[in-house]
Structure formats: C-alpha cells, structure tokens
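Engineer: Task: produce atomic coordinates for the following.
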Amino acid sequence: MNIKFLNQPKDVSFIDVLTEKISSGKFSKIWLVAGFTKDSALDMLYESLEKARENGANVECIFGLDKKNTSKDMLLKFLNLGLKIRFHINADDNKFESRMFIFESEDGDSYVYVPGSKLSEGGVTDNITLIEEITYSKDEKMEFSKVKAALENGLSSDNFEELTEEKLKELASTGEILARITERKIPSINELYNNMSTDDEPQVQTYDEGAGVDFKDLVNTELNIDIDSEETIKVQDSLGEEVEHKIKRETKEPEDKVITKIVPNEKEVDLDSISTFIIQLSNFTEDEIKIPSSIGTNLRKFFNYPDEFHMEEDEKGNLKEVETISLEVFDNSSNYQETNEDALIIFTAKNVSIKAEGFKKIQFADTDIMRLIKVEAKKFRCEIIKDNTNEYEIWQNFCTNQVKGSSKKFGAI
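Structural biologist: You can find the predicted model right below:
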C-alpha cells in the first residue's frame with residue numbers, strides 16, 4: 001500500500017484525476033461517495049461515467065442530496081446510464097459528510113481517493129485542498145477488501161435508500177431536491193445598486209437556466225425612483241458592455257457615481273450564429289479531432305447539419321452521419337498548410353469529429369488550441385495553435401466556457 005497527497009490546484013485538478021480513472025477502462029467496479037453533491041460537479045463527470053459503462057464497469061454512487069444543490073434532471077441522467085445510486089437526504093441536524101472515490105481493478109492497482117473538498121465544481125477544480133491517494137497493488141487484495149467491507153458496513157444502515165425513477169419524482173414533488181437542473185436567485189434592484197438593505201424587499205423569485213433569462217435585460221431598464229432630478233450613469237452589463245441608465249435621484253449630487261458590474265455564474269455562448277469556434281483539444285487521433293457531444297450537438301447550424309449529411313456505416317457496424325467539406329489545415333508553429341478537399345465532418349451518437357489527411361502531418365498535443373473558421377457553407381479553415389507561439393495566449397483568452405466533464409474550455413466568435 002502506498003499513500004501520497006495531491007495538492008490542488010498547485011499540482012492537479014481533482015476532476016482530471018477522476019475523469020481519467022473513471023473513463024480508463026482499467027477498473028471493474030467504481031464507487032463514488034459524496035455527502036455533499038452538486039449538479040455542477042456531476043455534470044463534469046457525466047461523459048467519463050458514460051465511457052465507464054461502455055467499458056463494462058459497475059458503478060455505484062452513494063450521495064447526500066438536498067433541495068439546494070441536486071436536481072431530479074441530473075440524477076435521472078445518472079440513473080439512465082445504469083448507475084446504482086443510494087442516497088441520504090441531508091437536513092440541518094442529520095447530514096451525510098463522507099467523501100471517498102474507490103476504483104477496483106481485477107488484475108492491476110486499485111485506488112482510494114479521500115478529498116478534502118466537496119463534490120462541487122470548485123471542489124474538484126480550483127479550491128485549495130489536499131487529496132489523499134491510496135494505492136493497493138494486485139497482491140494486496142486482502143487489504144483492499146477491508147476498505148470495501150468498511151464502506152458497506154458504514155453505508156448499509158437505514159439512513160440510505162436506493163434511488164429509483166419513481167422515488168426521484170417523489171423527492172422532486174415534495175421539494176426535497178430541485179426539479180430542474182440549476183435554479184438560482186435573481187438579485188434585487190437594491191442589491192444591483194449596492195444597497196444591501198433588503199428589509200422591505202419582496203421575496204426574490206427563482207428562475208430556471210433553460211428559460212432564457214438574460215441578465216442584460218435586468219440592467220437595461222430605467223430605474224424609476226420617485227424623487228427629483230435625473231442623471232445618466234454608465235453600468236457594465238453581464239457581458240462586460242457599458243450601457244446607460246437614466247436614474248432619478250435627489251438634487252444633491254453624490255461625490256462618486258454608482259457603477260455596478262453584474263457577473264453571471266457562467267457566460268453562455270450562442271453557438272447558433274458563430275463564424276469561429278475555438279476549443280482546447282482533449283480528444284484526437286493522428287487524423288481526427290473529436291468535439292465532445294455536450295458541445296457538438298449545439299454546432300449543428302455551424303456545420304450545416306443535417307441538410308447536407310448522409311448516413312454511413314463503419315467497419316464495426318456503427319451508424320454515422322457524414323458530410324464532405326473543403327478544409328484548409330494550418331499549424332501556426334511550423335507554418336505547415338494544406339487544403340483537403342475530401343475532409344469529413346462526422347456526427348455520431350457520442351461526438352462530432354473532423355477528419356482530414358492533413359492532420360497526420362501535425363504533432364497534436366493536449367495543450368493545443370483549435371481555431372475552426374467557417375469560410376462558407378462547405379468550406380472551413382482549421383488552425384492548430386501551439387503553446388510556444390505568440391498567438392497562443394490570445395486565443396486561450398477566448399476559451400472561457402467549461403467543457404462538461406473536463407478541465408478544458410472553449411469559446412466562439
């Protein structure tokens with residue numbers, strides 16, 4: 001048995017450790033134990049868990065759930081993967097607080113991770129914490145079996161119940177968990193303008209992220225405070241743009257004008273009307289770059305899908321939808337450039353990919369950035385930006401949106 005400590009964020013992001021282990025195909029059984037479980041982190045684990053199930057792994061989750069952080073929609077996605085889930089409803093006086101991630105291999109090393117942070121987006125990416133990693137060799141089956149026995153002994157009480165789709169609907173209907181993925185609070189006008197006194201404020205409503213509420217709409221309105229004098233001030237909206245407000249205030253002019261910046265939880269990219277797509281590479285072969293399905297499905301208009309696509313069957317009998325395009329390939333480090341008139345855009349159930357012979361002459365690395373420019377309907381330019389070039393930092397700054405289930409980011413213009 002070997003024990004070491006991983007330092008986040010200095011040395012690792014725990015999400016990278018988890019997704020690599022989960023999707024590796026090396027483990028026959030995986031346990032995810034988290035007393036505090038948040039939708040944001042579960043979403044980041046989803047694609048790797050999908051791969052684990054495809055690899056035949058048996059995955060069991062033991063979660064603490066509550067009405068603030070976990071939703072029916074997200075848990076249903078996990079159930080639909082075929083994961084076994086046991087749960088405990090956390091209350092103020094009765095909380096499940098364990099955190100442990102266990103990976104069992106039949107013929108190799110097995111691992112136990114005990115993180116210091118919660119299963120939330122910050123907890124697995126940026127929050128400062130130590131993560132204990134315990135490695136058991138294949139000759140230490142007896143010692144590892146004691147870990148599993150302790151786990152089952154501690155979690156088999158009446159405090160845990162197996163989650164089913166019917167039970168999930170019941171928990172959502174009674175308000176013990178959220179119904180939809182991510183419900184947040186809208187700030188009041190007083191809070192937006194640095195007046196934190198909310199004694200007279202009505203209760204703030206919740207909203208659903210999928211309902212299309214635009215923070216920009218919250219600031220591009222006139223404030224009608226029933227006192228004398230009128231003045232125009234500039235306010236930064238959620239996209240960082242300055243907009244003007246006419247605000248009525250007392251005749252006496254304050255020394256400093258009020259400037260408020262609204263920072264949304266995550267700035268969403270409208271992928272329907274873009275000309276350039278930018279992403280940090282994570283999945284590629286010598287002649288193919290794959291785009292995660294969580295993003296690729298939103299690039300249909302960018303790739304003219306499905307109008308020009310046709311169905312094909314690969315050598316394994318899997319169906320895919322294919323479109324032939326003209327692709328100019330460019331490596332900004334070596335200045336290699338080649339146009340492929342028979343490059344392919346491929347849509348499958350798992351991902352969207354770009355395949356071209358010209359990629360074989362580029363040495364891809366997981367630090368590379370791809371800048372994909374749509375020149376016209378069936379003509380694209382693919383630029384591979386290397387981290388040793390001056391352009392790298394420029395395009396890295398455009399990658400501001402998290403790829404689900406990964407530490408990689410993407411952006412668009």
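Engineer: When you work out contacts or count neighbours from here on, use the C-alpha atoms and nothing else.
Structural biologist: Fine.
Engineer: just how off-centre is stretch 128-143 within its chain?
Structural biologist: Taking Cα atoms, centre = their mean, to the nearest Å, one finds stretch 128-143 lying 27 Å from the centre of the chain it belongs to.
Engineer: Go through that stretch and flag the buried ones.
Structural biologist: For stretch 128-143, a neighbour-count test (16 or more other Cα atoms under 10 Å) marks Ile128, Thr129, Leu130, Ile131, Glu132, Glu133, Ile134, Thr135, Tyr136, Ser137 as buried.
Engineer: so the second one touches Asn7, yeah?
Structural biologist: Yes. The pair formed by Thr129 and Asn7 meets the contact definition of Cα atoms under 8 Å, at 6.3 Å.
Engineer: Show me the chain divided up by domain.
Structural biologist: Using automatic domain parsing, the domain ranges for the chain come out as 2-173, 219-261, 276-412.
Engineer: Would you mind putting these into JSON lines with distance to Arg180 and mean pLDDT alongside?
Structural biologist: Shown next, in JSON lines, are the domains of the chain (distance: least, Cα to Cα, whole Å; pLDDT from 0 to 100):
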{"stretch": "domain 2-173", "distance to Arg180": "6", "mean pLDDT": "91"}
{"stretch": "domain 219-261", "distance to Arg180": "23", "mean pLDDT": "45"}
{"stretch": "domain 276-412", "distance to Arg180": "18", "mean pLDDT": "89"}
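Engineer: Now go through the buried residues of stretch 128-143 and say which are in strands.
Structural biologist: Thr129, Leu130, Ile131, Glu132, Glu133, Ile134, Thr135, Tyr136 (DSSP state E).
Engineer: Next up, identify which helix or strand Lys320 is on.
Structural biologist: Using DSSP states H and E, Lys320 maps to strand 319-331.
Engineer: Return the distance of that strand from the chain's centre.
Structural biologist: Here the centre of strand 319-331 is set off from its chain's centre by 26 Å, with Cα atoms, centre = their mean.
Engineer: Keeping just the C-alphas, turn it into PDB.
Structural biologist: Only the C-alpha atoms of strand 319-331 are listed here, as PDB (Å, rounded to 0.1, in the frame of the first residue of the first chain):
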ATOM      1  CA  LEU A 319     -24.000   4.300 -37.900                       C
ATOM      2  CA  LYS A 320     -22.700   7.800 -38.500                       C
ATOM      3  CA  GLU A 321     -23.800  10.900 -40.400                       C
ATOM      4  CA  VAL A 322     -21.100  12.300 -42.700                       C
ATOM      5  CA  GLU A 323     -20.600  15.400 -44.800                       C
ATOM      6  CA  THR A 324     -17.600  16.100 -47.100                       C
ATOM      7  CA  ILE A 325     -16.000  19.500 -46.800                       C
ATOM      8  CA  SER A 326     -13.100  21.500 -48.000                       C
ATOM      9  CA  LEU A 327     -10.700  22.000 -45.100                       C
ATOM     10  CA  GLU A 328      -7.600  24.200 -45.000                       C
ATOM     11  CA  VAL A 329      -5.300  22.800 -42.300                       C
ATOM     12  CA  PHE A 330      -2.700  25.200 -40.700                       C
ATOM     13  CA  ASP A 331      -0.100  24.600 -38.000                       C
END
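Engineer: Please put the alpha-carbon coordinates of the helix or strand following that strand into PDB.
Structural biologist: Remark: after strand 319-331, the chain's next helix or strand is strand 337-347, criterion DSSP H and E. Listed next in PDB are the C-alpha coordinates belonging to strand 337-347 (Å, rounded to 0.1, in the frame of the first residue of the first chain):
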ATOM      1  CA  GLN A 337      -0.500  24.400 -44.600                       C
ATOM      2  CA  GLU A 338      -2.600  22.100 -46.700                       C
ATOM      3  CA  THR A 339      -6.100  22.100 -48.200                       C
ATOM      4  CA  ASN A 340      -8.000  18.800 -48.100                       C
ATOM      5  CA  GLU A 341     -11.000  18.800 -50.500                       C
ATOM      6  CA  ASP A 342     -12.300  15.500 -49.100                       C
ATOM      7  CA  ALA A 343     -12.200  16.200 -45.300                       C
ATOM      8  CA  LEU A 344     -15.200  14.900 -43.300                       C
ATOM      9  CA  ILE A 345     -17.500  16.200 -40.600                       C
ATOM     10  CA  ILE A 346     -18.900  13.200 -38.700                       C
ATOM     11  CA  PHE A 347     -21.900  13.100 -36.400                       C
END
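Engineer: Strand 337-347 pairs with which strands, parallel or anti?
Structural biologist: strand 319-331 (antiparallel), strand 351-355 (antiparallel) (DSSP bridges).
Engineer: Output the ones in strands among the buried residues of stretch 128-143 as a markdown table; include the columns distance to Ser23.
Structural biologist: Shown next, in a markdown table, are these (distance: Cα to Cα, whole Å):
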| residue | distance to Ser23 |
| --- | --- |
| Thr129 | 24 |
| Leu130 | 23 |
| Ile131 | 20 |
| Glu132 | 20 |
| Glu133 | 18 |
| Ile134 | 19 |
| Thr135 | 18 |
| Tyr136 | 19 |
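Engineer: which one of those is nearest Glu106?
Structural biologist: Within the set of those, Tyr136 lies nearest Glu106; the separation is 11.5 Å, counting by Cα to Cα.
Engineer: I'd like to know the beta-bridge partner residues of that closest one.
Structural biologist: Beta-bridge partners of Tyr136, counted by DSSP bridges, are Ser110.
Engineer: Quick check: it vs Ile3, distance?
Structural biologist: Relative to Ile3, Tyr136 is positioned 9 Å away (Cα to Cα, to the nearest Å).
Engineer: got it, and Asn335?
Structural biologist: Asn335 is 46 Å from Ile3, where distance means Cα to Cα.
Engineer: now do Glu288
Structural biologist: The spacing between Glu288 and Ile3, counted by Cα to Cα, is 38 Å.
Engineer: And these two? Which one has more around it.
Structural biologist: Between Glu288 and Ile3, counted using other Cα atoms under 10 Å, Glu288 has the larger neighbour count: 20 against 12.
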